[in-house]
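J.: This is the structure alone, sequence omitted:
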């Protein structure tokens, strides 16, 4: 809590975060309904978009006490019922947080990541989220429960689409095939 998502695009090796979604005391199904309605309302599903890629946290593959389906199965069900073609791109395990934070920061520094001014909660989140030192080193401070979820969405979006936004590299080709599911 809260349930969060970002809507982004990868265009010519740059990422654009267009919209944010944040719902308190909600469910994966309700978040999917909100995102699908927005995709329809804004015309994002017309022919100008080549594909819908759904990314996220690898922990969404685990089961939930609220549903017989895990988060990604619920997402596939909702998008399938809506008649939306999509691709799920999620790693088998979450990458190290430090790697994803560095990757996002590097994208900002290279002018390869842009966030719409309309994404006020994401911008606030990025301004306030900080590292916290623990026994095992530094971690993202998750003590403020209303923070970090949108910045987590941004990190997963950037990391899981990194091969779309970079030059084709021989070592990355098999990873795309491995991580991509329909």
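T.: Structure's in. What do you need? The structure displayed is predicted, hence computed values, not measured ones.

J.: Look at residue 80 and say how many residues are nearby.
T.: Residue 80: 11 surrounding residues under other C-beta atoms under 10 Å. From N, CA and C alone the C-beta is placed, and that goes for glycine too.

J.: got it, and residue 144?
T.: Number of residues near residue 144 (other C-beta under 10 Å) recorded here: 11.

J.: Over to the one 3 residues further on?
T.: Residues within reach of residue 147, counting by other C-beta under 10 Å, total 20.

J.: Where does the prediction get shaky in the chain?
T.: Along the chain, the parts satisfying pLDDT under 70 run over 47-50, 63-67, 133-139, 142, 145-146, 148, 167-182.

J.: try 50
T.: 65, 168-182 (pLDDT under 50).

J.: What are the boundaries of the helices in it?
T.: Taking DSSP state H to define them, one finds helices in the chain at 28-41, 71-81, 97-109, 120-128, 149-160, 170-179.

J.: Mind giving me the packing neighbours of the first one?
T.: So that's helix 28-41. Applying 3 or more C-beta pairs under 8 Å, 6 or more residues apart in numbering; DSSP states H and E, we find helix 28-41 packed against strand 3-11, strand 14-23, helix 71-81.

J.: Which one of these lies nearest to residue 41?
T.: Closest approach to residue 41 among the helices and strands packed on helix 28-41 (C-beta to C-beta): strand 14-23, 10.8 Å.

J.: So which bits of that closest one are buried?
T.: 15, 17, 18, 19, 20, 21, 22 (16 or more other C-beta atoms under 10 Å).

J.: can you count the residues close to the closest residue in space to the fourth one that isn't next to it in sequence?
T.: Same thing as residue 19. Nearest non-adjacent residue to residue 19, counting by C-beta to C-beta, 6 or more residues apart in numbering: residue 7, 4.2 Å away. For residue 7, the count of nearby residues is 20 (other C-beta under 10 Å).

J.: Take the helices and strands packed on helix 28-41 and lay them out in a markdown table including distance to residue 117.
T.: What follows is the helices and strands packed on helix 28-41, written out as a markdown table (distance: least, C-beta to C-beta, whole Å):
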| stretch | distance to residue 117 |
| --- | --- |
| strand 3-11 | 14 |
| strand 14-23 | 11 |
| helix 71-81 | 28 |
